[in-house]
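Novice: Make a model of this:
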Amino acid sequence: DNGSGNRLLDLRAQCLAWEPIWKNEGTVESQLTSALRGSDLSPAWKMLLLSEGSVTRHLEILTGSKVRIECLEMETVDDLSGSPFVIPEVLAIPRPLIQRQVFLYTEGATQPCVYAMSWWNLNKANQFLTDVSSPIWVNLSNNKIELYREIKALYRGNSDQLEMHMHDSGPFWGRHYSFWHKGELLTVIFEAFSNGLDVFLKD
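Specialist: Residues are numbered from 1 along each chain as shown. You can find the predicted model right below:
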């Protein structure tokens with residue numbers, strides 16, 4: 001309905017309005033360390049945010065449970081070039097463009113632990129996301145797709161919509177990264193993480 005659609009718009013806009021605390025622009029390691037100074041992040045949190053591995057796989061290992069998804073949206077979107085809330089790399093994906101929004105849940109959980117957005121070329125989405133009810137990592141693994149993942153930015157921000165869905169208080173950690181396949185940009189993904197993951201990730 002219109003109410004849930006508006007909440008999705010608010011959720012997306014609030015997260016995409018976050019200012020990055022670090023961008024991958026050939027930044028030296030000391031500058032990344034500086035960006036995270038004072039955060040008291042555990043090594044496991046740093047691994048989750050900065051690793052180029054699958055977030056789904058990391059969550060399954062850390063929590064000892066399967067991860068399921070709730071697909072909130074997967075639809076074609078209009079030209080985003082004039083939008084104030086767009087990740088620059090998304091503009092490099094050939095049109096038509098698919099936008100997908102999902103929540104990730106650990107087994108038995110009623111609140112999501114991750115909110116994720118991804119953007120795909122329509123034909124690539126049809127080719128690589130053969131099971132839309134499964135996480136991206138599962139789709140790509142099942143199809144034996146070799147990828148290069150590049151972490152592009154880290155975020156720290158607030159969202160009343162995330163607080164409502166995750167039953168948790170902000171600010172929240174976020175990141176966005178790109179997947180490349182055979183030298184071509186395949187998808188851009190943004191993820192925001194529940195602070196409730198502290199149960200599994202704290203020292």
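
Novice: now the strands for the chain?
Specialist: Applying DSSP state E to the chain gives strands spanning 20-23, 67-77, 97-106, 114-121, 148-157, 172-181, 184-193.

Novice: ok, and for the longest helix along the chain, which residues are buried?
Specialist: The helix spanning the most residues in the chain, taking DSSP state H as the definition, is helix 2-16. For helix 2-16, burial by neighbour count (16 or more other CB atoms under 10 Å) applies to 11-12, 14-16. The way it works is simple: take the backbone N, C-alpha and C, and place the C-beta from them, glycine included.

Novice: returning to what we had before: the strands of the chain into a markdown table, with extra columns for mean pLDDT?
Specialist: Converted to a markdown table, the strands of the chain look like this (pLDDT from 0 to 100):
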| stretch | mean pLDDT |
| --- | --- |
| strand 20-23 | 90 |
| strand 67-77 | 89 |
| strand 97-106 | 92 |
| strand 114-121 | 93 |
| strand 148-157 | 90 |
| strand 172-181 | 92 |
| strand 184-193 | 92 |
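
Novice: As TSV, those with distance to residue 40 and mean neighbour count would be great.
Specialist: Formatted as TSV, these follow (distance: least, CB to CB, whole Å; neighbours: other CB atoms under 10 Å):
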stretch	distance to residue 40	mean neighbour count
strand 20-23	14	18
strand 67-77	26	15
strand 97-106	23	20
strand 114-121	21	23
strand 148-157	12	18
strand 172-181	12	20
strand 184-193	15	22
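
Novice: Those strands: which one's closest to residue 54?
Specialist: strand 148-157 (8.6 Å; CB to CB).
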